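Below is the sequence, then the predicted model.
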Amino acid sequence: MKRATKTAGTTPASRGAATGAPTTRSSRAASPITSPVKMEPASVEEEEDRRSVVERELAELLPPKLKCQICTEDLQAGHTALLPCAHTFCRPCLAKQLPILTTPSAKEDSSATAEVAPGLACPVCHTRHPAVVTAVDVDALPADPFAEAQLQPRLLCAPCKAEGEDIPAVYRCTKCHKALCEGDAHKHRLHRASAKHPLARLATPLSPDVCPAHQQPLHAYCVPCRAVCCAFCLTEDHLGNNHQPTSLAKQLPTLRAQLEDSVTPAQARQDELVTRLIDTGAAAATTCATVQQLCSEITVTFDAVSALLQARKLQLLQEAAAIEATEAASLDDDATADRLRWLALQGPRSAAERLLGANNAPTPPIEPRFLGTLGPALRDQLAATARMWVPPAPAAPRLAFELGAVVEDAVRTAGRLVFLAAYGPNCTAAGVNLHNINIHSTTSIVVTARTAHGDPLMTGGDTVAIWLGSARADKLLEAAGGVAPDAAGAALGVTISDLQNGTYGVEYGVAATGSYMLHVTVNGRPISGSPFQVMATAGKVFRYAGNAPTCYDNNGILYHLTCQSGGWRNPSGNILDVTVSSASNDPANFVNNAGGGALHSNNAPDSWFAINLRTRRVRPSGYVLSNSSGCLNGNHFARSWVLEVSNDDTTWTVLRAHDNDGSLHGHCQACYWPIETSLPPGVAWTRFRIRQTGKNAAGNDHLAVSGFELYGELDP
């Protein structure tokens, strides 16, 4: 039995180091946040306690015995219905709830990757049963023999009951209509009066030895129908090539062995689920501890930042106070100087006014002789002070507080929570064969890891796992010989490689054709789009093996189809048809892979050359295209074009687009390009077209190519 989880390129020991050691994750985040919380390994006692808690929780999920989980009433004898998932309900309740139980849930409706199979969903485990759709299907469900055995009144042995003992009856005498246990039935046969009385074994739910329809012993088994039969059942319902009747006694060991083989892996899966629940609980506890540590770190960090901001606040307040004191002192000095200048003008002006007798000068009048002595001196003083320049009054300082855009943004966005591991629902898978696989070879896809914030990861260390299940579980079990599939399901040779750059390579194969569902998880969670529908086919695969990307090889599909009828020759008209929008030469030169062909279209936009493989279909993985020889005597090399596919010449799908691709730059030069688009499951095409979407290297619309080859899977 394989492990239930496959880890990307790591052993179990290194996987633990990859997910827990901070050195492995440090390159994922340039952040001051400390390393993740390291939980101490649980002791044996703690592990047992966790397991017992989980097992008790699971036990509480089990439905109570002899109770219908729809109406919550006691089950009634003769009205039990057993679903294939082994849960029992009242048959009338299932019939009444059929419209609700067969309607897909909102979660199922939201699935964009696969259609929800019709059928009744079990109210207990939500398993959907495609075989139960109508009321007729509900009526055909078997009764629960275990419940019926407890619900039906027991028929007691008549002789034992007469003696005061309650012994279940096993036989009934059809002559005297007495119910008998094993011991009294033996006595009944030995008694002379009742020796010839026929005894019929009672058909009980737990001992169905008698056919309820024909009252005949059940001694046969039909393998395809999985039905226990009596002689009448065989002749009426189980004859023909589609039936394989055999002895029930001979088949019972095989049936028992198959059932035992199914129980063991089922128990293993349940044990794995219990372990997963324990690990999930541990992950939840680690998450809580991590968040608590982050909250503590955030509080401490922002408290420190707050202290720094408070200190800076006090510093700025002190600077503002210093500015106020300095500016106030400067303004006081200016005012003092202005007062002195005013006084210097006031003295001479007042004296002059008194001499002039102006402004109500005091009496007695100053004698005129003083004009001669004081006047000239006052005049000189006034003239000197009058020439003094009086500047504008000093303005108040213009001040503002600026936090700064950078600082403001830094404060607003200070700190961040960094996810150090991938989050499954944000991860993606891609690859040309994401939805297709060939049973003769392995297929590969690439899983890209992203965090819960959607950011790409640049390092590895995440746990990637796949499980490939059949679109029909019964077919998967049949392919496995009746044994439940292992951890990889139907996938063979699974290889998961950690590329250490946030991407993971996944390779796997399958043994049988059919439809499968590929489940991909990262760190235990399904990735976006999972599960993916995968179609397994058995066509021949052709892989490019030339000197990529510059030349042809002999491994192409067109080469193979042509050589099947004896040697290479131009396949046009033999295995395929060539059509063109316009052509200067024979259109067959489009597939002249031997070189030397000359072909170009008219100088018209959207020029195209196409092939039709008639009845053969191809699921391409790549193609080769070459320049035309001569190329209009110039550098008319294709630069922008698309490869398109179709099955009807009407609806065309682009598989690869080239925009200003300079790969073709020489006469008759060939190049190979892989298909990078994920192809739809199981779809192949007969028609392939090269259509020019822009100017060529010479700046015109001539499409000048004369060589085309396909690689991929050729359907049988």
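Looks like it arrived, so ask away. Keep in mind the model is a prediction, meaning the values are calculated, not measured.

what's the longest helix in the protein?
As far as residue count goes, and with DSSP state H defining each element, the longest helix of the chain is helix 248-356.

any idea which helix or strand comes after that helix?
Remark: after helix 248-356, the chain's next helix or strand is helix 369-373, criterion DSSP states H and E.

send the alpha carbons of that next one over as PDB?
Coordinates of the C-alpha atoms in helix 369-373 are reproduced here as PDB (Å, rounded to 0.1, in the frame of the first residue of the first chain):
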ATOM      1  CA  ARG A 369      15.800 135.300  17.500                       C
ATOM      2  CA  PHE A 370      15.800 131.600  18.400                       C
ATOM      3  CA  LEU A 371      14.900 130.800  14.800                       C
ATOM      4  CA  GLY A 372      18.300 132.100  13.900                       C
ATOM      5  CA  THR A 373      20.100 130.100  16.500                       C
END
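
Contacts for the next helix-or-strand element following it, please.
Using DSSP H and E, the helix or strand that follows helix 369-373 in sequence is helix 375-386. Residues lying outside helix 375-386 but in contact with it, judged by C-beta atoms under 8 Å, 6 or more residues apart in numbering, are 344-345, 348-349, 351-352, 355. Heads up, the C-betas are built off the backbone N, CA and C, glycines and all.

Would you format those as a markdown table with neighbour count included?
As requested, those are arranged in a markdown table below (neighbours: other C-beta atoms under 10 Å):
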| residue | neighbour count |
| --- | --- |
| A344 | 14 |
| L345 | 15 |
| P348 | 19 |
| R349 | 16 |
| A351 | 18 |
| A352 | 17 |
| L355 | 19 |
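
Looking at the residues you listed, spot the one nearest Q500.
The shortest approach to Q500 among the contacts of helix 375-386 belongs to A344, at 87.5 Å (C-beta to C-beta).

Local confidence estimate at the closest residue to the closest one other than its chain neighbours?
Spatially, and ignoring its direct neighbours in sequence, A344 is nearest to T385 (5.6 Å; C-beta to C-beta, 6 or more residues apart in numbering). T385 is assigned a pLDDT of 74 by the prediction.

what ranges of the stretch 401-550 of the chain fall below the confidence cut-off?
Low-confidence segments of the stretch 401-550 of the chain, defined by pLDDT under 70, span residues 471-489, 548-550.

what ranges do the strands span in the stretch 401-550 of the chain?
Counting by DSSP state E, counting those that start in this stretch, the stretch 401-550 of the chain has strands at residues 428-430, 436-438, 443-448, 464-470, 492-498, 503-509, 514-522, 525-526, 532-537, 540-542.

Report the inter-axis angle for the longest helix of the chain versus helix 375-386.
Here the directions of helix 248-356 and helix 375-386 differ by 170 degrees (axes from the mean of the first three to the mean of the last three C-alpha atoms, to 10 degrees).

what packs against helix 248-356?
Under the contact criterion of 3 or more C-beta pairs under 8 Å, 6 or more residues apart in numbering; DSSP states H and E, the helices and strands touching helix 248-356 comprise helix 44-61, strand 220-222, helix 375-386.

and these, which is most packed in?
Comparing these by mean neighbour count (mean count of other C-beta atoms under 10 Å), strand 220-222 ranks first with a mean of 21.

avg pLDDT for that one?
Within the predicted structure, the mean pLDDT of strand 220-222 is 87.

List the contacts of that strand.
By C-beta under 8 Å, 6+ apart, the list of residues contacting strand 220-222 from outside reads 227-231, 233-234, 238, 243-248, 251, 255.

One more: stretch 669-681?
Residues from elsewhere that reach stretch 669-681, judged by C-beta under 8 Å, 6+ apart: 430-436, 515, 533-535, 544, 546, 548-552, 619-627, 643, 655-656, 658, 663-664, 707, 711-712.

Specify the beta-bridge partners of A179.
Partner residues in beta bridges with A179, using DSSP bridges, are R172.

That one is in contact with L155, isn't it?
Yes. Using C-beta atoms under 8 Å, A179 and L155 qualify as a contacting pair, with a distance of 5.1 Å.

Neighbour count: those two, which is higher?
Neighbours around A179 and L155, counted as other C-beta atoms under 10 Å, are more numerous at A179. The numbers are 22 against 13.

Give me the pLDDT for the more buried one.
Among the per-residue scores, A179 holds a pLDDT of 85.

now swap in I278 and tell me
The predicted structure scores I278 at 84 on the pLDDT scale.

Check P364 too.
Reading off the confidence values, P364 has pLDDT 57.
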